[in-house]
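Student: return atomic coordinates for the entry below.
(one chain, ligands or ions: 1)
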Amino acid sequence: MRSRRVTNPSGFGAGARLTFHGPLSAARANRLAADLAASSPASVVEYGCGWGEFLLRVLEAAPAASGTGIDISARDIAHARDNAEARGLSGRVSFIEGPATEHASPADVVICSGADQAFGTIPEALKALRPLVNPGGLLLFGAGIWDRTPTKEQLAHMWEGTTLDEFLHLADLVEVAVVEGFRPLRIETATRGEWEEFESGYAAGSEAWLLANGNHPEADEVRAKLDAHRSIWLRGHRDALGFAYLTLGVPDCWP
Ligand SMILES: C[S@@+](CC[C@H](N)C(=O)[O-])C[C@H]1O[C@@H](n2cnc3c(N)ncnc32)[C@H](O)[C@@H]1O
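Tutor: Sure, this is the predicted structure:
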């Protein structure tokens, strides 16, 4: 088995203590995966698949399906291949390292969760994804939304360059999906608990490393990254940023 590659000794950003790279509980993931698999897809593609955990769950639930996961991160693709091998799925899934737009091909089930940036803005992603879903197929689209419009102060504490128009409110996001030709089969949003699991899990491995390696030459850098990350969450997007999971259907034939 290939070893995990990390960017710094604490592994910050590698998601070592995360199951998914987003605010997604195992219970919701398994239910969504089962719903997608119930459509009996022959092909499943995930754009921005990360380490492939959600795609692999869909393939486990859909034994007749083949899958492709695409991501620009070499580290995540290596991890995804390891995951597939460990679960006996290597024969039914391929993972491609590269930009989503250069490896796009239509499928019965398409997944894009937290990776809309691979296609531009969120509305641009929905437009680009629509022809990539076969007639009668499904798109699982996971994307950030404004649960509440952030205050100026919250916005200033978020990731550098975050603007109000980066995310839509839920009703507007679903409206864009409908205008692009999808029908919303399920509309759901991440809970506070899912966000807390995600944000805490993102930092947990590095926090533990820091406690044990306070004198390491890179400790100051890791501490600064962790403090900045926590501020972005607790002073920035908490209470304002949500995350929607839309299960979107495509008609059997063009109207
Ligand atoms: C927030 S993560 C979500 C990963 C995965 N979908 C999940 O929920 O666990 C976003 C992923 O999109 C990938 N990504 C960003 N831009 C991309 C692009 N242009 N093409 C393919 N993947 C991209 C990143 O490398 C990252 O793995």
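
Student: got the contact list for the residue nearest to Leu241 when sequence neighbours are not counted?
Tutor: In space, not counting the residues next to it along the chain, Leu241 is nearest to Gly144; the distance is 5.7 Å by Cβ to Cβ, 6 or more residues apart in numbering. Every C-beta, even on glycine, is put in place using the N, C-alpha and C of the backbone. Contact partners of Gly144, counting by Cβ atoms under 8 Å, 6 or more residues apart in numbering, are Gly114, Ile122, Glu166, Phe167, Leu241, Gly242, Phe243, Ala244.

Student: quick one, phi psi at Gly144?
Tutor: phi -70, psi 150 (degrees, to the nearest 10).

Student: all strands for the stretch 51-200 of the chain, in order.
Tutor: Secondary structure of the stretch 51-200 of the chain (DSSP state E, counting those that start in this stretch): strands at 66-71, 93-97, 107-113, 133-146, 168-169, 183-189.

Student: next step: the contacts of Gly144 restricted to helices.
Tutor: Of the positions in the contacts of Gly144, Ile122 sit in helices, assigned by DSSP state H.

Student: and which of the contacts of Gly144 is nearest to the ligand?
Tutor: Using Cβ to the nearest ligand atom, Gly114 comes nearest to the ligand of the contacts of Gly144, at 3.4 Å.

Student: surely that closest one touches Gly48?
Tutor: Yes - in terms of Cβ atoms under 8 Å, Gly114 counts as a neighbour of Gly48; the distance is 6.7 Å.

Student: so where is the chain shaky, pLDDT-wise?
Tutor: In the prediction, the chain carries residues with pLDDT under 70 at positions 1-8, 254-255.

Student: what does it put close to the ligand?
Tutor: 20-22, 48-50, 54, 70-73, 76, 99-100, 113-115, 117-118 (Cβ under 6 Å from any ligand atom).

Student: show me which of these are buried.
Tutor: When the residues of the chain next to the ligand are checked for burial by 16 or more other Cβ atoms under 10 Å, the buried set is 20-22, 48-50, 54, 70-71, 73, 76, 100, 113-115, 118.

Student: taking those, tell me the two that lie furthest apart.
Tutor: Phe20 and Ala100 (17.9 Å; Cβ to Cβ).

Student: how close does Ala64 get to Glu46?
Tutor: 17 Å (Cβ to Cβ, to the nearest Å).

Student: neighbour-wise, which of those two wins?
Tutor: Set side by side, Ala64 and Glu46 give different neighbour counts by other Cβ atoms under 10 Å, the larger being at Glu46 (28 against 10).

Student: correct me if wrong: the more buried one contacts Ala107.
Tutor: No - under the contact definition of Cβ under 8 Å, Glu46 does not touch Ala107, with a separation of 9.2 Å.

Student: what sits in contact with each of the two?
Tutor: Thr68.

Student: determine the longest helix present in this protein.
Tutor: Identified as the longest helix of the chain according to DSSP H is helix 192-212.

Student: that helix - contacts with which helices or strands?
Tutor: The elements that helix 192-212 packs onto, with contact taken as 3 or more Cβ pairs under 8 Å, 6 or more residues apart in numbering; DSSP states H and E, are helix 219-231.

Student: give me the angle between the helix it packs on and helix 192-212.
Tutor: Interaxial angle, helix 219-231 versus helix 192-212 (axes from the mean of the first three to the mean of the last three Cα atoms, to 10 degrees): 170 degrees.
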